[in-house]
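Peer 1: Here is a sequence together with a model predicted from it:
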Amino acid sequence: MTVATNDDEALFPVLSADQLALLEPFGTRRTVAPGDVLFAEGDAAYDFFVVLSGLVDIVGHFDGEDVLIAQHGPGRFLGELNLLTGQRVYLTARVVEGGEVLAVPVAGLRQVIARLPSLCDIILGAFVARREGLLSGAARAVRVIGSRFSAESLAMREFLARNRLPHQWLDVESDPDVDRLGAEFGLSGVDLPVVIVGTTVLRRATPGEVSQYLGLTVESLPGRCFDLVVIGAGPAGLAASVYGASEGLTTLTVEAAVPGGQAGTSSRIENYLGFPAGVSGAELTDRAMTQALKFGARLTVPCQATVLAERAGHLVVGLSDGTELAGRAVVVASGAQYRRLPVDRLAQFEGLGVYYAATEVEANLVRETPVLVVGGGNSAGQAALFLAASACPVTLVIRGSDLGKSMSRYLADRIEAHPTITVRTGTNVVALHGHDVLDGVTLDVDGRAHDVPAAGLFSFIGAVPSTGWLSGRAALDPAGFIRTDRALVPDDLDDAWTTLGRAPLPFESSQPGLFAVGDVRAGSMKRVASAVGEGSAAVRSVHEHLAFHA
């Protein structure tokens with residue numbers, strides 16, 4: 001058994017007698033004996049336990065060996081972020097010295113977080129720090145066996161990484177543990193990607209299946225009717241979730257892929273207020289999700305909204321798995337998806353050299369090899385700088401003649417001065433080359449073809465709004481973005497508005513109670529700060545709408 005470091009105050013705070021007294025009304029004292037298991041790897045839920053006397057070990061079972069992650073004595077509490085997210089338990093809590101614990105149900109823990117800010121800061125701080133520890137020290141709790149030449153394996157790896165779920169990546173081409181695990185669980189090549197959680201093996205796993213098993217999908221929720229349903233967990237959707245939940249609305253956020261949206265793929269956002277040194281999209285997303293959880297919002301991922309209907313005064317969102325969710329109000333923050341390059345063999349190379357995000361996952365696949373970034377917006381500029389920092393010679397390709405036309409000036413200046421970034425203006429990608437994976441592209445430069453080597457092509461060429469699921473219930477502009485409030489014209493408003501006796505509220509669409517924020521809204525600025533502002537401000541309009549229907 002391996003003993004883990006156990007003296008970090010951020011990870012393992014010791015509560016004082018006064019703090020324990022504050023917690024006491026929310027839980028029940030329980031006598032425990034050596035060998036008792038408070039929660040076990042794979043459990044769907046567990047209580048928040050505080051050790052009053054005795055000792056409790058937190059143990060991971062990896063490769064037939066128990067690994068001691070931490071040991072909790074009097075004044076210490078157990079648990080991490082999955083208490084709030086509803087994810088399955090990754091580790092086991094076993095009593096090694098008898099004594100007494102205080103068992104606080106999750107509902108009681110949420111009351112503590114809401115009512116006792118001094119305890120909230122300590123508990124949430126420890127939960128966040130412990131999740132960081134799990135991402136490295138207990139990564140073997142979830143194992144992914146796949147191939148770096150498989151788009152499905154990459155999608156699984158990216159899903160787990162961007163959702164900050166502890167996992168270990170095992171490449172079938174190079175990792176020595178793969179043969180042993182393959183023999184132990186009877187795996188073959190047709191099973192890839194494989195996800196192993198404890199003794200559970202998910203073959204040909206998809207992000208949806210893994211999410212369902214880990215408890216991240218809507219099936220784990222007790223109800224199907226909410227004050228506010230938010231579609232999309234980018235900056236706008238997360239802001240609406242934080243403000244909706246903090247103001248007492250029962251709030252559910254539905255994300256089709258991974259939280260963060262396009263901003264979540266950014267390696268560094270430098271013009272967001274309050275972060276003069278910059279902040280990564282992943283870090284900003286992680287903080288926002290923690291805030292939303294703190295106030296009681298629920299997040300389900302990946303769940304694709306497919307249809308919108310109205311029944312009995314509620315808006316009903318249909319999901320791709322057949323589930324229906326009812327909301328007294330719905331905020332659409334489904335954002336936009338990058339357009340796809342009009343070139344042959346694109347689908348063949350997606351995930352095998354063609355990427356729509358530049359995160360650590362993709363950077364590790366192309367490190368120290370030449371890459372192309374296509375696009376002239378901020379996302380493309382941030383990707384180019386991030387990949388150059390990964391020792392990649394970068395060619396940035398734009399169709400126009402001026403890099404600063406659609407990119408923030410600070411980014412354009414930095415790119416133009418970078419020694420390993422080449423900017424090609426007036427250029428288009430016209431062909432992709434490679435056998436199993438991408439190894440080169442053909443560029444059209446002023447009508448002349450140039451073949452260049454490329455292990456990766458990162459595409460950021462404008463966006464198409466994600467509005468097809470609205471079922472015609474919201475007026476759209478010619479480009480497909482949702483028109484709201486002052487952008488609506490009389491022909492957009494049907495007789496329901498006459499019955500309501502009011503005009504559309506700020507951010508409200510032509511469907512009463514349906515609001516649009518962020519990139520999906522017509523006229524939005526397509527910047528992180530404005531998206532956060534819109535998501536926050538829309539909640540006030542939600543309250544006004546609900547007041548009309550109280």
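Peer 2: The structure has been received and is ready for your questions.
Peer 1: Show me which positions of stretch 466-484 end up buried.
Peer 2: Using 16 or more other CB atoms under 10 Å as the test for burial, stretch 466-484 gives 466-467, 469-470, 473-476, 481-484. All C-beta atoms are positioned from the backbone trio N, CA, C, and that covers glycine.
Peer 1: Return the distance of the worst-scoring helix or strand of the chain on mean pLDDT from the chain's centre.
Peer 2: Every helix and strand of the chain was ranked by mean pLDDT, DSSP states H and E. The lowest is strand 336-338, at a mean of 83. From the chain centre to the centre of strand 336-338 is a distance of 16 Å (CA atoms, centre = their mean, to the nearest Å).
Peer 1: neighbouring contacts of that strand?
Peer 2: Residues outside strand 336-338 that contact it (CB atoms under 8 Å, 6 or more residues apart in numbering): 262, 356, 459-466, 519-520.
Peer 1: could the buried residues of stretch 466-484 be laid out in a markdown table, adding secondary structure?
Peer 2: Shown next, in a markdown table, are the buried residues of stretch 466-484 (DSSP: H, G, I helix; E, B strand; the rest coil):
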| residue | secondary structure |
| --- | --- |
| 466 | coil |
| 467 | coil |
| 469 | helix |
| 470 | helix |
| 473 | coil |
| 474 | coil |
| 475 | coil |
| 476 | strand |
| 481 | coil |
| 482 | strand |
| 483 | coil |
| 484 | coil |
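Peer 1: which residues in the stretch 151-300 of the chain form strands?
Peer 2: 168-171, 194-197, 200-202, 225-231, 251-254, 298-300 (DSSP state E, counting those that start in this stretch).
Peer 1: Save these as TSV, and put in distance to residue 413 and mean pLDDT too.
Peer 2: Converted to TSV, the strands of the stretch 151-300 of the chain look like this (distance: least, CB to CB, whole Å; pLDDT from 0 to 100):
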stretch	distance to residue 413	mean pLDDT
strand 168-171	37	93
strand 194-197	44	93
strand 200-202	47	93
strand 225-231	36	96
strand 251-254	37	96
strand 298-300	38	91
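Peer 1: closest one to residue 448 among those strands?
Peer 2: strand 168-171 (39.6 Å; CB to CB).
Peer 1: For the closest one, buried residues please.
Peer 2: For strand 168-171, the neighbour count (16+ other CB under 10 Å) marks 168-170 as buried.
Peer 1: Equivalent analysis for stretch 416-434, please.
Peer 2: Neighbour-count burial for stretch 416-434 [16+ other CB under 10 Å]: 418, 421-424, 427-429, 432-434.
Peer 1: Flag every buried residue along the top strand by length along the chain.
Peer 2: Identified as the longest strand of the chain according to DSSP state E is strand 48-62. Buried positions in strand 48-62, judged by neighbour count with 16+ other CB under 10 Å: 48-52, 54-62.
Peer 1: Would you mind checking the average pLDDT for it?
Peer 2: Averaged across strand 48-62, the pLDDT comes to 95.
Peer 1: Would you mind pulling up the elements that the next helix or strand after it packs against?
Peer 2: Going down the chain from strand 48-62, the next helix or strand is strand 65-72, by DSSP states H and E. The helices and strands touching strand 65-72, judged by 3 or more CB pairs under 8 Å, 6 or more residues apart in numbering; DSSP states H and E, are strand 48-62.
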